[in-house]
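Asker: Give me a model of this one.
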Amino acid sequence: MGVVALLGVLGLVLGLLLSGGVYVPAVLHPPFGLGSPAPPRTDQRQAMSANASATPLSGVAPLPVTFQGSVARATAPFSVAWSFGDSNSSTELSPSHSYDSAGTYIATFQVTDASGATASSSVQVVVAAPGLSASAAALVTGSVVAVTPGTFWSVDAQTSCATCISSSTAVTGYLASVPFTWVRYGQGTDECNISVDRSYSPDGVASTGCGFDLSSLKTWCDSTTPHCHSILNLPGENNNSREDAAIAKWIVRTVGFQPDYWSIGNEPTGWTHYGIAWNHWKSTDNSPSSPLAYAYDVKSAMAAVKAVDPGAKFIGIEAACSCNTLWFQDVAKVDGPGISALAVHVYPSSWSATETLAQFDAPLAGPDNVTGSVAAVHAAAALACTGCGKLPVFVNEFNAGPGWTPSNHAGTYANAVFLAASVAQALTGNVSQLTVFDLESSSTTEYGYALLGYHGTPGPSGSLFSGILAHMARGSVTADHVSTVVPNVWAVTTTNATTESILVVNANPTHSIDLSLGLHVVATGLATVFHWNSTLSGPLKALARLATGYTVPSQGILLVNLPRTFLLVGALAPPSPASAVQPAGLGVATGTIGGLPVEPMARPAGQAVRAPGTDR
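Answerer: The predicted structure follows:
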């Protein structure tokens, strides 16, 4: 073999080794000498990147916007494509485009280079309707009203299969991402003997399967840290205390599961088989309970269950609505010393399943909202006996109503807004427990009230809890409110040792607000801002220097998390205009339309984290 040929072979071998064992002819270039440097490996080249920017980021329609695209580390030649989020596009690197309609638009810039590699970047543009400019609003700091109750975050854990609470990775994964530490578990409990997994029809026909599984609940609870807390229902409609005790004994001693609370029956105002054995039920039965009869049924059941579960604690009633005044009174009067709480189910609504958005949201400001309903229960119990008004009131089912069927807005983003506003109300109202109804839909075609679809896919309400509310601090609760002419805007602030969370929900269906935080912020770090509105597919999150304010669009949700290195001390002196920076994807910082974010400054030692607003 000649010298040149030998060197060529050795070059091939060397190229093979350097290329990771795959022969690529293009690796070999003359000269083929052993001393020639090997070409760089293509997998060591830094990836191509793209960056999108726009000016301005907000304004009133029609809004002309200039976009700027930039590319780094692309293999020439490359092609670019802009999608402006309104069905229009461009292949220019830095095009101009006009938005003619109000909305929040995500413009996406994509690059494809000669090697086939792609990169993309997006920027958000918020366009207001002409004549509907945002109204001024200010966050008014209230007093500390409570500490977030340990019982507060709760979900009614109905699932699409009996074992899904532990067997469905979609369900368990979701539960690991949300703030719920309590579950109310079981469905159809008044017609089910879970100890033998047998349920009964309204005609007394028995069938196998209760729709839920206590062993699965135990498996899931044992896997959680901290361990889950739970409320279990025992049957009440058949009025059989001995059977209640037998079921409780089976759950505690055979399954090995100890609930935090037992309750006896569900919504007794709707019973028609009261006091009739399951196998004797008929669909024509007309045997209702009365408030006093139910109260004594609870008394007997508590005594029977305590005989097999001496440490048992009880919820006095799971009432269908706060209007069940006599039921609360009789249960408080008869059972008061033996119960730990009363529970009410709340579905604020216009009493129609087909509503406009304005009708759907109006009950948030009505007397039957979550805080109004809890206040009504406290008032009813207070009339029954001395001290009964101090019994904790759990909201053990909650969602937008009506309660007998989901609204036409159920399963939509509007329902997420309703729930977010209600969480703000419940926290400022010091509600002991807010149990969202329910976890997973049993329908293959709709979400209904549920957070998850049939196969565990989060709907808008589910994304609210995992994408925004899971990030709220748990600690002291400040009863903030928003001062504005726009109705149906809600706020709350929660604070723990490391984080202060400001939640603002604009449930108004038509008007945006320019929200001023009204605070002087001396910052040594970044705020984490979560934002969502009806034009976005899900919540957005970004780290940003805190702005003096944000535009919260109609049906908008804003959560600002401040590290406790921030100092909030009164009115704001405008900083340099050079600081007007707001990342894409957030509620628009008012710095982009007249206000400015706050300059980072050194935090004076020893000063308080937050002082009340100057207008209080």
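
Asker: Spell out the secondary structure type for residue 463.
Answerer: Using DSSP: H, G, I helix; E, B strand; the rest coil, the structure places residue 463 in helix.

Asker: 26 is where my numbering starts, stick with that
Answerer: Yep, numbering from 26; the last one is residue 488 now.

Asker: Tell me how many other residues surround it.
Answerer: By the criterion of other C-beta atoms under 10 Å, residue 488 has 20 neighbours. Every residue, glycine included, has its C-beta placed from N, CA and C.

Asker: What separation do you get for it and residue 226?
Answerer: Computed as C-beta to C-beta, to the nearest Å, the residue 488 to residue 226 distance reads 37 Å.

Asker: got it, and residue 421?
Answerer: 25 Å.

Asker: Of those two, give the one with the bigger neighbour count.
Answerer: Neighbour count, other C-beta under 10 Å: between residue 421 and residue 226, residue 421 has more, with 28 against 12.

Asker: is it true that that one touches residue 345?
Answerer: No - counting by C-beta atoms under 8 Å, residue 421 does not reach residue 345; the two are 11.0 Å apart.

Asker: Identify the contacts common to those two.
Answerer: Common contact partners of residue 421 and residue 345 (C-beta atoms under 8 Å, 6 or more residues apart in numbering): residue 370.

Asker: Give the bridge partners for residue 256, please.
Answerer: When assigned by DSSP bridges, residue 256 has beta-bridge partners residue 209, residue 286.

Asker: tell me the contacts of it?
Answerer: By C-beta under 8 Å, 6+ apart, residue 256 lies in contact with 207-210, 284-288, 340, 419, 421.

Asker: can I get these in TSV with distance to residue 115?
Answerer: What follows is the contacts of residue 256, written out as TSV (distance: C-beta to C-beta, whole Å):
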residue	distance to residue 115
207	52
208	51
209	53
210	54
284	60
285	59
286	61
287	64
288	61
340	61
419	56
421	54
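
Asker: Can you say which helix or strand has the closest residue in space to residue 194 that isn't next to it in sequence in it?
Answerer: Among residues not flanking residue 194 along the chain, residue 481 sits closest, at 7.9 Å (C-beta to C-beta, 6 or more residues apart in numbering). Counting by DSSP states H and E, no helix or strand carries residue 481.

Asker: ditto for residue 553
Answerer: Per DSSP H and E: strand 552-557 holds residue 553.

Asker: residues in contact with that strand?
Answerer: 438, 441, 489, 492-493, 496, 563-571, 575, 581-588, 591, 610-612.

Asker: the domain parsing of this protein - what is it?
Answerer: If you go by automatic domain parsing, the domain ranges for the chain are 28-69, 74-156, 162-166+501-617, 176-496.

Asker: Start and end of the longest one, how far apart?
Answerer: Counting by C-alpha to C-alpha, to the nearest Å, you get 17 Å between the two ends of domain 176-496.

Asker: Stretch 184-197 too?
Answerer: Stretch 184-197 has an end-to-end distance of 11 Å (C-alpha to C-alpha).

Asker: what comes into contact with that stretch?
Answerer: Against stretch 184-197 from outside (C-beta under 8 Å, 6+ apart): 182, 200, 208, 210, 234-238, 241-242, 244-245, 248, 464-467, 477, 479-482.

Asker: Verify the assumption that residue 267 is located in a helix.
Answerer: Yes - the assignment for residue 267 by three-state DSSP puts it in a helix.

Asker: Report the contact partners of it.
Answerer: Neighbouring residues of residue 267 by C-beta under 8 Å, 6+ apart: residue 329.

Asker: What ranges does the stretch 126-275 of the chain have for its helices?
Answerer: Counting by DSSP state H, counting those that start in this stretch, the stretch 126-275 of the chain has helices at residues 189-192, 194-200, 239-248, 266-274.

Asker: Tell me the spacing between residue 460 and residue 497.
Answerer: Distance, residue 460 to residue 497, by C-beta to C-beta: 17 Å.

Asker: before we move on, what about residue 531?
Answerer: In terms of C-beta to C-beta, residue 531 sits 17 Å off from residue 497.

Asker: Show me which of the two is the more surrounded one.
Answerer: residue 531 (31 against 24).

Asker: can you pull the contacts of the more buried one?
Answerer: 511, 513-514, 537-538, 577-583.

Asker: same question, residue 79
Answerer: Residue 79 makes contact with 90-93, 132, 148, 150, according to C-beta under 8 Å, 6+ apart.

Asker: Return the members of the residues you listed classed as buried.
Answerer: Buried residues within the contacts of residue 79, counting neighbours by 16 or more other C-beta atoms under 10 Å: 90, 92, 132, 148, 150.

Asker: Export those residues as TSV, with columns for pLDDT and distance to residue 108.
Answerer: Output for the buried ones among the contacts of residue 79, formatted as TSV (pLDDT from 0 to 100; distance: C-beta to C-beta, whole Å):
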residue	pLDDT	distance to residue 108
90	94	14
92	94	11
132	91	7
148	87	11
150	84	12
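
Asker: Going along the chain, name the helices of this structure.
Answerer: With DSSP state H as the criterion, the chain has helices at 28-43, 189-192, 194-200, 239-248, 266-274, 316-333, 350-360, 382-386, 395-407, 438-453, 485-492.

Asker: buried sites along the last one?
Answerer: Translated: helix 485-492. Buried residues in helix 485-492, counting neighbours by 16+ other C-beta under 10 Å, are found at 485-492.
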